[in-house]
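[1] sequence and predicted model, in that order:
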Protein chains: 4
Amino acid sequence: REWHMSQQSLREKTSIIIFGTHTRAGQLFDIALIYAILLSVAAIMLDSVAWIHDSYGTLLYALEWFFTVLFTLEYFTRIYCTNERRKYIFSFYGLVDLFSIVPTYLALVVTGANYLLMIRLLRVLRIFRVLKLARYSLEANLLLRSLYMSRRKILVFFCVVLVLSTIFGCLMFAVEGPEHGFDNIPLSIYWTIVTITTVGYGDIIPQTVMGQFIASAVMLTGYSIIAVPTGIITAEMASELQRKKATFTCNSCHHAGHDNDALHCKWCGAQLHSGA
Amino acid sequence: REWHMSQQSLREKTSIIIFGTHTRAGQLFDIALIYAILLSVAAIMLDSVAWIHDSYGTLLYALEWFFTVLFTLEYFTRIYCTNERRKYIFSFYGLVDLFSIVPTYLALVVTGANYLLMIRLLRVLRIFRVLKLARYSLEANLLLRSLYMSRRKILVFFCVVLVLSTIFGCLMFAVEGPEHGFDNIPLSIYWTIVTITTVGYGDIIPQTVMGQFIASAVMLTGYSIIAVPTGIITAEMASELQRKKATFTCNSCHHAGHDNDALHCKWCGAQLHSGA
Amino acid sequence: REWHMSQQSLREKTSIIIFGTHTRAGQLFDIALIYAILLSVAAIMLDSVAWIHDSYGTLLYALEWFFTVLFTLEYFTRIYCTNERRKYIFSFYGLVDLFSIVPTYLALVVTGANYLLMIRLLRVLRIFRVLKLARYSLEANLLLRSLYMSRRKILVFFCVVLVLSTIFGCLMFAVEGPEHGFDNIPLSIYWTIVTITTVGYGDIIPQTVMGQFIASAVMLTGYSIIAVPTGIITAEMASELQRKKATFTCNSCHHAGHDNDALHCKWCGAQLHSGA
Amino acid sequence: REWHMSQQSLREKTSIIIFGTHTRAGQLFDIALIYAILLSVAAIMLDSVAWIHDSYGTLLYALEWFFTVLFTLEYFTRIYCTNERRKYIFSFYGLVDLFSIVPTYLALVVTGANYLLMIRLLRVLRIFRVLKLARYSLEANLLLRSLYMSRRKILVFFCVVLVLSTIFGCLMFAVEGPEHGFDNIPLSIYWTIVTITTVGYGDIIPQTVMGQFIASAVMLTGYSIIAVPTGIITAEMASELQRKKATFTCNSCHHAGHDNDALHCKWCGAQLHSGA
């Protein structure tokens, strides 16, 4: 019985270290984990460079397996420790943890599968949780809220861009044709996206006067409509900032409209306590 | 007489299915139509790829005719069903419906005419009507209203960009000349548009020091004035959003300033009914 | 005496036609003038295309002289008619009128001078005066006022961009050097401007790992700081729009805050008379 | 004693000329200094051009040493004159002054070190202090404050862009691979940054259909998320402008809301004294 209890308490202690970020040990564990993730990602990156692969390939391969085994152990410890197994396994972090170790095993069967290990980078998102970056996550929330509020407008905008790209792409295919590099309609649409987003690789270029005229129209269109998503997001962000200011009132005089970094009420001087 | 009446009622029923979106049948018809349009557009796209054309050309040609005949039948059924024939024929949708079938027949006489079939894509705009995307069309309205309010400013801006492009184009032609690829003034203007919109293909590049100096001026101009349409549209969009909030009041306490996605008044808690 | 008076009145009548835009004749004169300007500009453009020059060179040369003689006559008539000669000659329009005819005569002595004829395009700015585009010039005024209000911020921004470009340019010259196309510091600065404005011709590209790393920094810098002029102009434009709305009050109830296109007061319903 | 006093007063006088900008002599000294800095920077730039180096290399080398000796003398005079030596030496300007002369001496030992002389450009920042550009530095302050207020949001945004670039880079490496120019993951990440920032050199381009599809996604992502920093900075800048207007009140009638360039109160007509 005593052994059982000590095992119970060991499980709880481990759970606090692995999942929690309140204790010193929990923080150190998470920081160590993030370094391990970044190191393992860097190892995969370096292994893709030919001369590094030739010189240190075996070492990097060993490192990959070392980190994979480490993360596998960590994954099963997490499953063992948690009280809500099903919830963890199917949570966002749980799935990312799983997909971060599977590719190495998969690569034994399918070649090239280990590039999927890049999914490990998503684990770094824990950094927000670890470092208690309340400020940063507030700012990130503001960004996400603005994006969420404008999701429909952005979607409408994207549909318009895609329809425009398709129509312009067909036009260019009809005008320039395969003899000038516009081999088929999908490729012409690709060219239109390259042009409308003002990237402009220059691998396919219009060569007839008519084609250059249409291309100019595409560029000016792209140059102008980039203003639309900017307008959408800016307007939402400004209204988010205003909302934040408007709803944050002083406790003693009940006046609102304080700046985000104000510590005292600018009317009565009482100390402000963030209510957000 | 009875036969006449049943024909009358058949016409009305068909009209409800084809034009209406209130009945289940009407919705299914429109959704099927959209899939047919997307499929027919995809068929034309795929047919433009050389190796697909070689292998499946006959099938795709058959598909094109199948869809064209289908849309032709649909077009004449619409004309037959509607009570306001002239109005439909000359409406935006009526003209798009017509131009979506003509090119296939035209291609029998003129080669290449079938690329005009891309106009079919415009028929997909019906999707807004079909899916009762009230929310989406509200957002689209906001975008369109902002664009409409700023149409004059945008036009003034475009004139300025075109005049600037012409003047810079002439300058570059004078400085670089045909020996560096700036063959004539229209081509130089094309280059200026490529540069001022920051697309930068790199097919024509300044090679003299003076030319590179002017090119830098063109780039910095383009990089800065892109701020102008953004400013225009953002300012309009922000004022549209404010107008919407300022005029949208609660029915019970008559307080305004509710968020766009609010369901209850934030002062008295009464349910809000969108008045826009 | 009578002949003198009639001459006097002829001068006044001509003055009204040439300078004024209130009479029907005055309007027609200005519209004809604008067409003449656009035609003469188009003639110069077309003459720069090699095959058009070979086929129609003589005709276009004749056209250039025809328009130049026409504009010369117009210029001297303007000087003859106006009551404030000195003021007209040194006004913006007077100088543009002069510089629009000089290059053709200059081209008799200096070859290539006739490209300066593009300055004629500036004469088209009269279009704003001619068509009584009150609305358009109001919008243009808003744009200009915003730009004027933000001129200092824009200048500060430009200095920062130029200093950044110089420093990054030197860095790239030191890192990549002449063997990778970065021949000298001015060329490296040109490359930096091409990159920081996201134009990216691709004629000069970094080839060392260190160079690509710095180039990435330059791109991300350019990608981010483009937000600054946009922010400046948008903020000014929004405050201009607000000012316009805030200062425009109803005459009967003295409430402000009407939309720009409102015809009636939205509180008391009285008709609004634009005070701007 | 008298000699000592006169030396004392000489040191003080020199200090006023070198550090101060209130006296005529102090202003002239600083303006001369800025011209010297710009000249020395221009000399280094020109020396990097091969044919100028061949023809005037000795002259430019002499100039470099002349300016370096001049700035060295100035540096030691500053140290001698100031009352707070330690403070000056470790201040921003003090360090820039030091690093502006070191590279020339260093270049005697290490070749190529003289490119670091570009750091001299930073000395030009004194121009803000010299010309008493109160207006300009107010505007610069507004820009800096906006950037400072949005620093966290910008950082979050940059992390997102870098993570996106890494993931897209790996994807492209897996899809296109070394045979299409995507030699290794770091190079693929470089390509992704080139594309996501819409620079688009065109030295590495996707060649498979799948690669072009992913590239399109990258471009559209980059084209859209450029709206985010713009939104951030614009919203901050607008709220800065509003804050400034709201807090800037007239001394006689205590009304706020004056424009930035207003000289008189627009309600009572009293002269305004900037309180910021």
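    Yep, it's here.
[2] do the longest helix along chain A and chain C meet?
    With secondary structure taken from DSSP state H, chain A has its longest helix at helix A:50-81. No: counting by CB under 8 Å from any CB of the partner chain, chain C is not contacted by helix A:50-81; separation bottoms out at 11.5 Å. Where C-beta positions appear, they are placed from N, C-alpha and C, glycine not excepted.
[3] elements contacting that helix?
    helix A:2-19, helix A:24-47, helix A:85-89, helix A:92-99, helix A:102-106 (3 or more CB pairs under 8 Å, 6 or more residues apart in numbering or on different chains; DSSP states H and E).
[4] and of those helices, who's closest to residue C:106?
    Evaluated over the helices and strands packed on helix A:50-81, closeness to residue C:106 peaks at helix A:24-47, with 61.8 Å, by CB to CB.
[5] would you single out the least confident of the helices and strands packed on helix A:50-81?
    Confidence, taken as mean pLDDT, is least for helix A:2-19 of these (a mean of 74).
[6] let me see the backbone angles for residue A:101.
    Here is the backbone geometry of residue A:101 (degrees, to the nearest 10): phi -110, psi -30.
[7] and it, what is it in contact with?
    Residues counted as contacts of residue A:101 (CB atoms under 8 Å, 6 or more residues apart in numbering or on different chains) are A:68, A:71, A:72, A:75.
[8] what pLDDT does the closest residue to the third one other than its chain neighbours get?
    With sequence-adjacent residues excluded and distances taken as CB to CB, 6 or more residues apart in numbering or on different chains, residue A:72 is closest to residue A:101, at 5.0 Å. Per-residue confidence at residue A:101 stands at 80 (pLDDT).
[9] same check on the one 10 residues further on?
    Among the per-residue scores, residue A:111 shows a pLDDT of 69.
[10] residue A:206 now?
    pLDDT recorded at residue A:206 is 92.
[11] which of the three states applies to it?
    Look at residue A:206: counting by DSSP: H, G, I helix; E, B strand; the rest coil, its state is coil.
[12] next, count neighbours for it.
    Other residues within reach of residue A:206, judged by other CB atoms under 10 Å in any protein chain shown, total 24.
[13] wait, what's in contact with it?
    Contacts of residue A:206 were listed using CB under 8 Å, 6+ apart, and they are A:172, A:175, A:176, A:180, A:212, A:214, A:215.
[14] of these, closest to residue A:199?
    Within those, the smallest distance to residue A:199 is 13.4 Å, found for residue A:215 (CB to CB).
[15] quick check: buried residues in the helix or strand hosting that closest one?
    Per DSSP states H and E, residue A:215 falls inside helix A:209-225. With burial defined by 16 or more other CB atoms under 10 Å in any protein chain shown, the residues of helix A:209-225 counted as buried are A:211-212, A:214-216, A:218-225.
[16] any chance of those residues in JSON lines, with pLDDT and distance to residue A:56 too?
    JSON lines is the format used below for those (pLDDT from 0 to 100; distance: CB to CB, whole Å):
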{"residue": "A:211", "pLDDT": "92", "distance to residue A:56": "50"}
{"residue": "A:212", "pLDDT": "93", "distance to residue A:56": "50"}
{"residue": "A:214", "pLDDT": "92", "distance to residue A:56": "51"}
{"residue": "A:215", "pLDDT": "93", "distance to residue A:56": "47"}
{"residue": "A:216", "pLDDT": "93", "distance to residue A:56": "51"}
{"residue": "A:218", "pLDDT": "92", "distance to residue A:56": "47"}
{"residue": "A:219", "pLDDT": "92", "distance to residue A:56": "46"}
{"residue": "A:220", "pLDDT": "89", "distance to residue A:56": "51"}
{"residue": "A:221", "pLDDT": "86", "distance to residue A:56": "49"}
{"residue": "A:222", "pLDDT": "88", "distance to residue A:56": "44"}
{"residue": "A:223", "pLDDT": "85", "distance to residue A:56": "47"}
{"residue": "A:224", "pLDDT": "80", "distance to residue A:56": "50"}
{"residue": "A:225", "pLDDT": "80", "distance to residue A:56": "48"}
